[in-house]
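Peer 1: Sequence and predicted structure, then a few things I'm wondering about:
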Amino acid sequence: MAPPWTASQKTIANIPTTTDKASRPRQPIPGYSPPAHLGRLDFHPAALFAAMARCAAIRSIAPAVSAALASGTRDLVGALVDDAGKSFDLTADFDAMADFEKTGLTGRLGGGFTDLCMAKLGYAWMDLASNLLPGHSGRLGDFIYDGPATGGHGVVLVEAKATCASSVTATDVKGTAERGYRNQVDPYVGSTSIPGVGTIFQGYAVCLGAAPGVAGGFGHVVETAVATVPGGSGGGGGSSAAATLVGGRLAISNYRAVSNLINAPVLFAHLEQLLGRSASIAGHEQQRFLRLKVGDQWFLTGSAPSFDHWPSPGTVPPFMLDEAVAEPLLNQISLIVRQGRRPWDGLPTFLLPTTPESFGPDATGRFPFVRFPDGLAYVVGKIDAVSSRVWTPLEGLGPPVS
């Protein structure tokens, strides 16, 4: 095997989706059916690294710690995955690590793989379930997701799993996912409502399996069963809209993590304040963004106030936010700031667009960036043009300036 994994697109070729027969079926919801099953997942290394970074940043941690986790995980996974071939192959070096190191990395791999799967299923925004339901952290799934795939019916609870034992099989991966769903997801589906976010009406457990030194990885998804009724099992599936309503707490938590990754400290501080996690911040402070064109898309990324020249490698963070999402997001945040809302006043619902996910080269072989449905992007290609924009919390996002 030949690490480091730097360029080859990997495929988890067979990802079955099943229900846990020991769990309660949910009653059909008129007008809704779950998203189409994945079947397979294709992803460039940058996509998995970015997803793992998203999962780390969703905690309220300092940006420097988030950046260290992202870069350290990227280097470690890169050193342990074979760059040759299309299958996701861990090298035998994984087994040489101490048990506590393997446990930590396995958990991060499970989180990143799960986030890629949820994006492909049509979910865009997420937060840690323990952040939103702090009294239930012991036997609670990992993440809460919302997005076009919910059809406006609520939110979904997701447990992320992975197993990287030397003898792991597809049956083992299925069993791990089923137990995760039964113990950490099923008890909350249909019975738990999160103020300012929504009711948990659907759930998943996602598991990644890989045997060190053995070619090929496994995936399995367990989703909420739907009770059958005479004439069928529920309504038809919904379609993705140009903009989707999302609860204020979930949107702000999601983009607090994004602002952490894109190096936007003023925005990060205001979102922390809106969540009740920091002291008051002056509304006149400015967040300067570099506006960068990559391929045919424009993105925003944070920058130091003195930085106003063409970006060079290592100077501009590779994480950026799609401008098509950033503009309505920042203007809605400014509206909340102008209204003087405090955390205990309740946060309004956001109306936000989503972007097509991009986890590998398109049909023409072009791959300028990784992009998630919430607009977070990880730049892979070259930067074609640059300008800047300034966000002032009280006034919103200003126009582009060359």
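Peer 2: Right, received. Where do you want to start?
Peer 1: Domain parsing of this structure, as residue ranges.
Peer 2: 10-240, 244-397 (automatic domain parsing).
Peer 1: mind checking the end-to-end distance for the shortest one?
Peer 2: Its first and final residues considered, domain 244-397 spans 21 Å by CA to CA, to the nearest Å.
Peer 1: what mean pLDDT would you report for it?
Peer 2: Averaging pLDDT along domain 244-397 yields 85.
Peer 1: chain center to it, what's the gap?
Peer 2: Relative to its parent chain, domain 244-397 has a centroid offset of 14 Å by CA atoms, centre = their mean, to the nearest Å.
Peer 1: Out of the domains of the chain, flag the one nearest Pro4.
Peer 2: Among the domains of the chain, domain 10-240 comes nearest to Pro4, with 4.2 Å by CB to CB. The C-beta positions use only the backbone N, C-alpha and C, and glycine is treated the same way.
Peer 1: The longest strand seen in the chain: partners in the sheet, and parallel or antiparallel?
Peer 2: The longest strand of the chain (DSSP state E) is strand 198-210. Strand 198-210 sits in its sheet next to strand 155-163 (parallel), strand 193-194 (antiparallel), strand 217-223 (antiparallel), going by DSSP bridges.
Peer 1: Columns distance to Ala326 on top of the ones you listed, output as a markdown table?
Peer 2: Output for those, formatted as a markdown table (distance: least, CB to CB, whole Å):
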| stretch | distance to Ala326 |
| --- | --- |
| strand 155-163 | 23 |
| strand 193-194 | 26 |
| strand 217-223 | 31 |
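Peer 1: mind putting these in a markdown table, mean pLDDT, distance to Gln184 and mean neighbour count included?
Peer 2: Output for the strands paired with strand 198-210, formatted as a markdown table (pLDDT from 0 to 100; distance: least, CB to CB, whole Å; neighbours: other CB atoms under 10 Å):
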| stretch | mean pLDDT | distance to Gln184 | mean neighbour count |
| --- | --- | --- | --- |
| strand 155-163 | 96 | 5 | 27 |
| strand 193-194 | 91 | 16 | 16 |
| strand 217-223 | 95 | 11 | 26 |
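Peer 1: what's the closest of these to Phe88?
Peer 2: Here strand 217-223 is closest among these (CB to CB), at 3.6 Å.
Peer 1: Tell me which other helices or strands the next helix or strand after the closest one touches.
Peer 2: The helix or strand immediately downstream of strand 217-223 is strand 243-246, counting by DSSP states H and E. For strand 243-246, the packing partners by 3 or more CB pairs under 8 Å, 6 or more residues apart in numbering; DSSP states H and E come out as strand 350-353.
Peer 1: What would the strand it packs on look like as PDB? C-alpha coordinates only.
Peer 2: Presented in PDB, the C-alpha positions along strand 350-353 are these (Å, rounded to 0.1, in the frame of the first residue of the first chain):
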ATOM      1  CA  PHE A 350     -33.800  31.800   8.800                       C
ATOM      2  CA  LEU A 351     -34.600  31.500   5.100                       C
ATOM      3  CA  LEU A 352     -31.400  30.300   3.400                       C
ATOM      4  CA  PRO A 353     -30.400  28.800   0.000                       C
END
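Peer 1: Neighbouring strands - and their directions - for that strand?
Peer 2: By DSSP bridges, strand 350-353 pairs with strand 243-246 (antiparallel).
Peer 1: Return the set of buried residues in the strand it pairs with.
Peer 2: Neighbour counts over strand 243-246 (16 or more other CB atoms under 10 Å) mark 244, 246 as buried.
Peer 1: what's the distance between it and the middle of its chain?
Peer 2: 16 Å.
Peer 1: Compute the inter-axis angle for whichever helix or strand comes after that strand and strand 155-163.
Peer 2: With elements assigned by DSSP H and E, the helix or strand that comes after strand 243-246 is helix 248-261. If you take axes from the mean of the first three to the mean of the last three CA atoms, to 10 degrees, helix 248-261 sits at 40 degrees to strand 155-163.
Peer 1: which element follows helix 248-261 toward the C-terminus?
Peer 2: Using DSSP H and E, the first helix or strand after helix 248-261 is helix 265-274.
Peer 1: Helix or strand: which one has the residue nearest the centre of the chain?
Peer 2: A centroid search over the chain (CA atoms, centre = their mean) returns Asp115, at 4.8 Å, as the residue closest to the centre. Under the criterion of DSSP H and E, Asp115 resides in helix 99-121.
Peer 1: So for that helix, mean pLDDT?
Peer 2: 95.
Peer 1: Lovely, talk soon.
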